[in-house]
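[1] Here's a sequence, model it:
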Amino acid sequence: MRQCWSSLANVPGCLLEVLNSLFTGEIGAYGTACCEAITRISDNCWTQLFPFNPFFPSLVIDSCAADSSTPGIGPTMAAKHSSSGPSTLPFLRLSPARQSGQDIARCWSSLSSIEGCVSDIYGSLSRGQFRGIGTACCRAITDVNEICWPQMFPFNPLFPPLLYANCASIGGEAPAPTGI
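    Predicted coordinates:
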């Protein structure tokens, strides 16, 4: 699985762009190098990377292929699947709070600066198990601003407290998240 992640992780910022898309539902803000990496990922890797969201890989790939003159510019998941407006994810019938890409990138920045941290977090989310998150990653997790958690996981508000609890058992006391 790490080999599958490495295709995205080897392009600066690409992994963060893809995970931001996954968590916000806004597909399409990928750079040219990231789109090139996306198109080289095998179908087998996609199913390993996103086992609980089988539609996500095709949205990402389609976004990169949408307009070859402007790679990476494509419709958002909401626009592609809904006529009810760009901020609604129709299959969930939820309207996430509008959040800027800059805010989300800022929230993820401390985690993405630690090698393997973001992929470990996503792995925990997709498997429902918290094994393998290192001490440095846990320290960064406990330092994330409480305002960031709902922006980072808008459709899974129960995940951040579980992540905190795991990190408390690894690196000592972790403050309880509030507002989640």
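
[2] Pull up the gap between the residue nearest the centre of the chain and Ser113, please.
    Nearest to the geometric centre of the chain sits Leu19, at 2.4 Å (Cα atoms, centre = their mean). Here Leu19 is placed at a distance of 14 Å from Ser113 (Cβ to Cβ, to the nearest Å). Backbone N, C-alpha and C define where each C-beta goes, glycine included.

[3] For the residue nearest to the centre of the chain, which residues are in contact?
    Under the criterion of Cβ atoms under 8 Å, 6 or more residues apart in numbering, the contact partners of Leu19 comprise Trp108, Val118, Tyr122.

[4] now with 7 Å?
    Leu19 makes contact with Val118, Tyr122, according to Cβ atoms under 7 Å, 6 or more residues apart in numbering.

[5] so which strand or helix has it?
    Element membership for Leu19, per DSSP states H and E: helix 14-24.

[6] buried ones in that helix?
    Using 16 or more other Cβ atoms under 10 Å as the burial criterion, the residues of helix 14-24 that qualify are Cys14, Leu15, Leu16, Glu17, Val18, Leu19, Asn20, Ser21, Leu22, Phe23, Thr24.

[7] lowest confidence element among the helices and strands of the chain?
    Ranked by mean pLDDT, DSSP states H and E, the helix or strand of the chain with the weakest confidence is helix 77-81, at a mean of 36.

[8] Report the rounded mean pLDDT for the helix holding Leu19.
    Helix 14-24 comes out with an average pLDDT of 84.

[9] Setting the sequence-adjacent residues aside, check what's closest to Ser21.
    If you skip the residues right next to it in sequence, Ser21 has Ile27 as its closest partner in space, 4.9 Å away by Cβ to Cβ, 6 or more residues apart in numbering.

[10] SS state for Ile133?
    Of the three states, Ile133 takes coil under DSSP: H, G, I helix; E, B strand; the rest coil.

[11] That one - how many residues pack around it?
    The number of residues packed near Ile133 is 20, by other Cβ atoms under 10 Å.

[12] which ones are touching it?
    Under the criterion of Cβ under 7 Å, 6+ apart, the neighbours of Ile133 are Asp120, Ser124, Asn166, Cys167, Ile170.

[13] what's the domain layout of the chain?
    Using automatic domain parsing, the domains assigned to the chain come out as 2-81, 101-171.

[14] Lowest mean pLDDT across those domains, which one is that?
    Sorting the domains of the chain by mean pLDDT places domain 2-81 lowest, at a mean of 77.

[15] how far out from the middle of the chain is that one?
    For domain 2-81, the separation from the chain centroid amounts to 10 Å (computed by Cα atoms, centre = their mean, to the nearest Å).
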